[in-house]
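Trainee: Quick one, what's the 3D model for this:
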Amino acid sequence: MTTLAILTAAGSGTRLGRDLPKALVALGGFPLVVHAARRLAASGVVDSLVVTCPAGLDAAVRDVVAQDPHVDVPVRVVEGGSTRQASVAAGLALAGPEDDVVLVHDAARPLAPPRLVRRVVEAVRGGHGAVVPGLPVADTVKRVAPASSAGGVERVVETPDRAVLRAVQTPQGFDRALLERAHARGASRATAEGLAATDDAGLVEALGEAAYVVAGEESALKITTERDLQVATLLLQEES
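Mentor: Numbering: from 1, shown residues only. Sure thing, here's the model as predicted:
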């Protein structure tokens, strides 16, 4: 049995302020999607890779990922959808009958290390059907009610115990059959209620199934803003 990794790279990345999709923004001379693909391949536990891309850019993404000498696993590229959930579903549709474990990873987390990929896959193969990496939350977190005044003042409803909170990262790993079932239900809900999930583990939880957390990595940060890109540049320099 094999492990398929779906690498989502279909986002626009407008908050980075660039005139190209986020996944193609350069970090240390290579696009973010290439960094992410390299680390998935280097884990030694990923057998094939499906990359989701913006409409019309499948050839460009295929060129930079499939031809990279450090990505030594089969690569397929498919156009993503209008939401992350739709993009993951497009990648999942390409899973073969031998793919019993599926990873879902974001190109926006280009420095997630190979050891993290292995940790997630090992947990899934150890009998946990849905596994996410997470980091302890350092800040005190407040749950608030919607602002009720023009000044935007929000009322605190609850202060959760941060000891039991985790900031979730990717790659997230799943038993393939469970993820397909979760996406089928999620697609029905998105059609009926106009709601699309931003987290695949959340789709599994909506089925009433358990999701599990393994230790995350500081280097698996998500690049959203220019400052995030600068931090990633420093982390990349520390690797070399």
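
Trainee: From now on I want contacts and neighbour counts done on CA atoms only, so please keep to that.
Mentor: Fine.

Trainee: Pull out the buried positions in whichever strand or helix holds Ala60.
Mentor: Per DSSP states H and E, Ala60 falls inside helix 58-66. By neighbour count on 16 or more other Cα atoms under 10 Å, the buried set for helix 58-66 is 58, 61-62, 65-66.

Trainee: quick one: low-confidence ranges for this structure?
Mentor: Within the chain, the ranges that satisfy pLDDT under 70 run 148-150, 190-196.

Trainee: for it, what spans make up the strands?
Mentor: Secondary structure of the chain by DSSP state E: the strands cover 2-8, 26-27, 30-31, 48-53, 75-79, 99-106, 130-136, 143-144, 156-158, 166-168, 172-175, 212-215.

Trainee: what would those strands look like in a markdown table with mean neighbour count?
Mentor: Shown next, in a markdown table, are these (neighbours: other Cα atoms under 10 Å):
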| stretch | mean neighbour count |
| --- | --- |
| strand 2-8 | 25 |
| strand 26-27 | 16 |
| strand 30-31 | 16 |
| strand 48-53 | 27 |
| strand 75-79 | 21 |
| strand 99-106 | 24 |
| strand 130-136 | 22 |
| strand 143-144 | 12 |
| strand 156-158 | 11 |
| strand 166-168 | 16 |
| strand 172-175 | 28 |
| strand 212-215 | 17 |
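
Trainee: Indicate which one of those is closest to Ala232.
Mentor: strand 26-27 (7.7 Å; Cα to Cα).

Trainee: Could you name the helices and strands sitting against that closest one?
Mentor: helix 226-239 (3 or more Cα pairs under 8 Å, 6 or more residues apart in numbering; DSSP states H and E).

Trainee: Grab the longest helix from the protein for me.
Mentor: helix 176-193 (DSSP state H).

Trainee: Next, format the strands of the chain as TSV and append distance to Lys222.
Mentor: Below are the strands of the chain laid out as TSV (distance: least, Cα to Cα, whole Å):
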stretch	distance to Lys222
strand 2-8	13
strand 26-27	13
strand 30-31	14
strand 48-53	17
strand 75-79	22
strand 99-106	8
strand 130-136	13
strand 143-144	23
strand 156-158	27
strand 166-168	10
strand 172-175	14
strand 212-215	16
